[in-house]
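Novice: Quick one, what's the 3D model for this:
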Amino acid sequence: MSDMSSRRSFLKNLGGTGALTVLPFSSALFKDEAEGGVLPQQNKGELVFSLNGSWQFRTDPDQQGVSGGWYKSAATGGHWDTVTVPHTWQITPEHNDYFGVCWYRKTFSVPGEWKGKTIRIEFEAVYHTARVWLNGTEVGGHTRKGYTAFFIDLTKAVKPDAVNTLVVMADNHFDDRMLPRNRSYDWAADGGITRPVSLHVTEPVYVERIQVTALPDIGRKTAGIAVLGLVKNASGKSVRLEAAYTIAEEETGRVVLQSPRRPSQLGAGESREISFPEKTLQQPNLWHFDHPHLYTATFDLYADGVWVHSYVTTFGIRKTEVKNAGFYLNGERVWLMGVERMGGSNPDYGMAEPGHWIEHDHRDMKELNCIFTRVHWQQDKRVLDFCDRHGILIQLEVPTWGAATFKGMSEQPDADIMQNGLEQLEEQIHREYNHPCVFSWGLCNEIGGQNPPAYHFAANMLKGAKKLDPHRLCSYASNSLQKTPEKDVSELMDFVEWNEYYESWYKGTVADMEKNLEEIHHAFPDKPIVISEYGWCRCTPDRKEGDEKLIRIMQTHNAVFRKHDYVGGLIFFCYNDYRTHVGDKGMGVMKQRVHGVVNLLGDPHPSHAALRKESSPVETLSAALDGQALKVSFTSRKAIPAYTLRGYVLRCIAYGEQGIPLEKAEYSLPDIAPGASGGHTFTLSTPAIERVEVSVCRPTAFSVLSVAVKS
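Specialist: Numbering: from 1, shown residues only. Reported below is the predicted structural model:
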């Protein structure tokens, strides 16, 4: 089917009584036909068009754009370059050190049939401040929040049956009144429209978002499901609403729960949350990093008896708990391990990462046995979708980075910093609430948690997170536990996170580190400890030792962590060498810190293989080939990372001369408890085998450990 035919088919299939009128596709809708079109969208009664692709762009170092009328439709003065959105100017040689104001402009046509519809634009991120105009009228903006998505209603400014001009002013000045604050942080400060942009067309009465709370009762093998929808009436009159929802297994489509219609009334211009009483689901399929089962929730909305909109989301059912100084996932104790990725580090893309590169990195992280990670800022939704579907638990964080965030403050944090943090937290939780991969909300990083304004900031953020989501764990990554840990704001958190940099940023030996670890546990005996960062950074000119030292630190520190079962998680820092405006190596777009197991381009350092082995839940794997009999044995880890291996598979591939793969065989393993051993003998049919590769594989098909044996 051609691209144009598929678009027409999509539009044709949107129908239904009361649905958004089916619109004939206009080839003039986008200036460049190849770049736009209808996006795949689960929501019925809604058209979603991509506004990615070619835009006009110019810098504004003297901030003359507003006074010069650059936002006006007829503004033609000056030179505008053509760029591809998503875009950051920081990856271009002429602008990589420019921090300030830039402008983007795009024209598109709106069909006459859209008259009477509600037309909104979604920016998935603009770093860090955006002002938006349509046809010369300012329609909205998003201030000092560079990594969270936002919608703007364009309806009143849209010209149906005409060419419309959209203009965005983006600003990435270092700013004292936002998070991350000024120059305090250590990653790429890439400005621009860094994530996708799309146009959403609905009836004036529509669903803005839905929230699904799914809490399993492990003993009874049930789950309580509660659904809430935020609906908006953008029309000029009051409407009688009805709402209902349907829950189905995503993989099979089997409907497992349905609600009756729930009535409500909504005045002109009002928004309202419509919530449903909790219902019980029998025998739920629980989400687990090795078994990432998903459900779909469809929220149907009716206005004055006529269906107008269906909003669809995916969610998972899983339970994370802290007890006995440990983590429990779905009632079973787990010791988790992974690695942190610093996004935006490929110099070809910067923070405007395409989907294929996001998937590239996260598939590699899974090959590194990453099932647990954290990030320093809010992520692209494609990151969370990958983690949901492939099994990575993630801590999402508000980008409160560094003790300098609170420089110059006394007892309390400045009001604007506190407000900015709470606003970012709310936008983050509202958007990401339904993702089962979200293990915890991260409130801040390395803030100096015994400093009064930092302490109060973290305490207020914790209170805000628990109000918005009382069911998820919360924590913050501390670098202030080396002395008097009992005075740290870690005391308030659900679990303790410690950025441990002995032999790197902290003076002292491995023995000193272990003593410090024991002191932290003594201060918080009921809380598991997550080593939220550790590793080796070649971040100052005097640090001549390289990847060999990184491997040694990884292995020797892990040996200590494995002695203490209250260490519930390890997150190695970091996956990649990363671009940063404070980098000590490289020039221009390659300015970086060398801290990872892969380089900026994704090429592995020797430490990549070491991290894969250290992070595997299988400690040993051996194979012996005797003729055509292949005997395989293995032992699972009994210390971090450790968890029951369910649904795992032994896989072997036999190769003949010239490396030709000739035979493949698999054996489904029984459940393997931490520290248990297992094995299997394969009888191969192929003669003249030169070598065999053997792997233990997860149910998601990712290998956890491999070995090769020659005949």
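Novice: any idea how this structure splits into domains?
Specialist: 3-202, 205-315, 334-614, 618-710 (automatic domain parsing).
Novice: Tabulate those domains (CSV), appending mean pLDDT, distance to Asn324 and mean neighbour count.
Specialist: Heads up, the C-betas are built off the backbone N, CA and C, glycines and all. Listed next are the domains of the chain as CSV, based on pLDDT from 0 to 100; distance: least, C-beta to C-beta, whole Å; neighbours: other C-beta atoms under 10 Å:
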stretch, mean pLDDT, distance to Asn324, mean neighbour count
domain 3-202, 84, 35, 18
domain 205-315, 98, 16, 17
domain 334-614, 97, 8, 20
domain 618-710, 96, 15, 17
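Novice: quick one, which of those is nearest to Gly326?
Specialist: domain 334-614 (5.3 Å; C-beta to C-beta).
Novice: need the domains of the chain in TSV with distance to Glu321, can you?
Specialist: Shown next, in TSV, are the domains of the chain (distance: least, C-beta to C-beta, whole Å):
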stretch	distance to Glu321
domain 3-202	28
domain 205-315	10
domain 334-614	9
domain 618-710	14
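Novice: mind checking how far stretch 208-220 is from the chain centre?
Specialist: 20 Å (C-alpha atoms, centre = their mean, to the nearest Å).
Novice: CA atoms only: put that stretch into PDB for me.
Specialist: Taking C-alpha atoms only, stretch 208-220 is exported to PDB below (Å, rounded to 0.1, in the frame of the first residue of the first chain):
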ATOM      1  CA  GLU A 208      -7.000  15.100  27.800                       C
ATOM      2  CA  ARG A 209      -5.500  12.100  29.600                       C
ATOM      3  CA  ILE A 210      -6.400   9.100  31.600                       C
ATOM      4  CA  GLN A 211      -4.800   7.500  34.700                       C
ATOM      5  CA  VAL A 212      -5.000   3.800  35.600                       C
ATOM      6  CA  THR A 213      -4.100   2.700  39.100                       C
ATOM      7  CA  ALA A 214      -3.500  -1.100  39.100                       C
ATOM      8  CA  LEU A 215      -2.600  -2.600  42.400                       C
ATOM      9  CA  PRO A 216      -2.300  -6.400  42.700                       C
ATOM     10  CA  ASP A 217      -3.100  -8.500  45.700                       C
ATOM     11  CA  ILE A 218      -0.400 -11.200  45.300                       C
ATOM     12  CA  GLY A 219      -1.900 -13.700  47.800                       C
ATOM     13  CA  ARG A 220      -5.400 -13.600  46.300                       C
END
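Novice: Give me the residues contacting it.
Specialist: Under the criterion C-beta atoms under 8 Å, 6 or more residues apart in numbering, residues 151, 222-232, 245, 271, 278, 281, 284, 286, 295, 297, 299, 311, 313, 315-319, 330-331, 430-431, 433-434, 471 lie in contact with stretch 208-220.
Novice: go again using 7 Å as the cut-off
Specialist: The contact list for stretch 208-220, computed with C-beta atoms under 7 Å, 6 or more residues apart in numbering, reads 223-232, 271, 284, 286, 297, 299, 311, 313, 315, 317-319, 330-331, 430, 433-434, 471.
Novice: Doesn't Ile551 lie inside a helix?
Specialist: Yes. Counting by DSSP: H, G, I helix; E, B strand; the rest coil, Ile551 falls inside a helix.
Novice: Test my guess that it contacts Ala609.
Specialist: No. Ile551 lies out of contact with Ala609 (C-beta atoms under 7 Å); the separation is 9.2 Å.
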